[in-house]
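Asks: Below are the sequence and a predicted model for it; my questions follow.
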Amino acid sequence: MELIDTHSGKWCNIKCKSNYTNSEIEISGCNVSLGTTKTAQTRKFSIGYRLVFRTDTDYDFYKYTLDVKFDKIGSSKAETFELNLNNLAIQFQNQIRQCEKPSQKTNSMIIIPLQLNSTDLIYLCKPNNTELAIDFPASDSLNLNGTFFQNLFMMMRTKGFGSIMILFLSFPVLTIPIMILTNRYRRMKWRQSQNLECYG
């Protein structure tokens, strides 16, 4: 996923690994690059968290800020990376559960500090059999036919880049990677069903 502010020339590139089974999609190993087209200066870092979505669950998230703070180098100012989610909804076909965070709506952002060296497994809403996993902080067909992203703000604050805020009202850049993953999953399920018909 690549985001760019054409006015200032500042950009952000996020690449993650994904793995999917019949019931879950895991996103992990995210690498983030920040930079500007005006200079060759870039900042790169990795996020080790593993996020798990269940394909029988619809997800709704409101007013979250994911915050990364970098270690200071010498006398330089501390650098931060923030991802603000005002309203994020992910919907799957044939869902039987609803995951809504936070359960009580609020007008203020809920800040979640991220640790870059963490590899914690995070279920966005824990099923009953995953008590050892970490729940998302708050206080058989895959179809993203209802996936939408509303009022998504991304703010990147890094030394040398200043502050950047991008408001997206339509999200082809965000939905393309998800649709690719969806198509791969559906092709896998179709091949499995064909094999069952051949050998059944």
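Replies: That came through, no problem. Numbers count the residues shown, from 1 in each chain.

Asks: Could you pull out the helices in the chain for me?
Replies: For the chain, the helices defined by DSSP state H cover 172-199.

Asks: Strands of that one, residue ranges please.
Replies: Remark: strands assigned in the chain by DSSP state E are 2-5, 10-20, 24-36, 42-47, 50-54, 57-69, 80-90, 97-101, 110-114, 121-123, 134-135, 148-158, 162-168.

Asks: any chance of the ones you listed in CSV, with mean pLDDT and mean neighbour count too?
Replies: C-betas here are computed from N, CA, C, even on glycine. Output for the strands of the chain, formatted as CSV (pLDDT from 0 to 100; neighbours: other C-beta atoms under 10 Å):
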stretch, mean pLDDT, mean neighbour count
strand 2-5, 76, 15
strand 10-20, 88, 16
strand 24-36, 88, 18
strand 42-47, 85, 15
strand 50-54, 89, 20
strand 57-69, 85, 18
strand 80-90, 82, 18
strand 97-101, 86, 15
strand 110-114, 85, 14
strand 121-123, 83, 17
strand 134-135, 45, 14
strand 148-158, 35, 17
strand 162-168, 34, 14
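
Asks: Tell me how far N117 lies from K69.
Replies: Separation of N117 from K69 (C-beta to C-beta, to the nearest Å): 13 Å.

Asks: same check, this time on N94
Replies: The gap separating N94 from K69 is 40 Å, by C-beta to C-beta.

Asks: Tell me who's in contact with K44.
Replies: By C-beta atoms under 8 Å, 6 or more residues apart in numbering, K44 lies in contact with 31-34.

Asks: repeat that with 7 Å
Replies: By C-beta atoms under 7 Å, 6 or more residues apart in numbering, the contact set of K44 is 32-33.

Asks: which residues pair with it across the strands?
Replies: Here K44 sits in beta bridges with S33, as judged by DSSP bridges.

Asks: for T80, which residues make a bridge with it?
Replies: Beta-bridge partners for T80, by DSSP bridges, are K69, R157.

Asks: K69 is in contact with that one, correct?
Replies: Yes - if you go by C-beta atoms under 7 Å, T80 and K69 touch, sitting 5.3 Å apart.

Asks: For these two, list the residues in contact with both.
Replies: In contact with both T80 and K69: no residue, using C-beta under 7 Å, 6+ apart.
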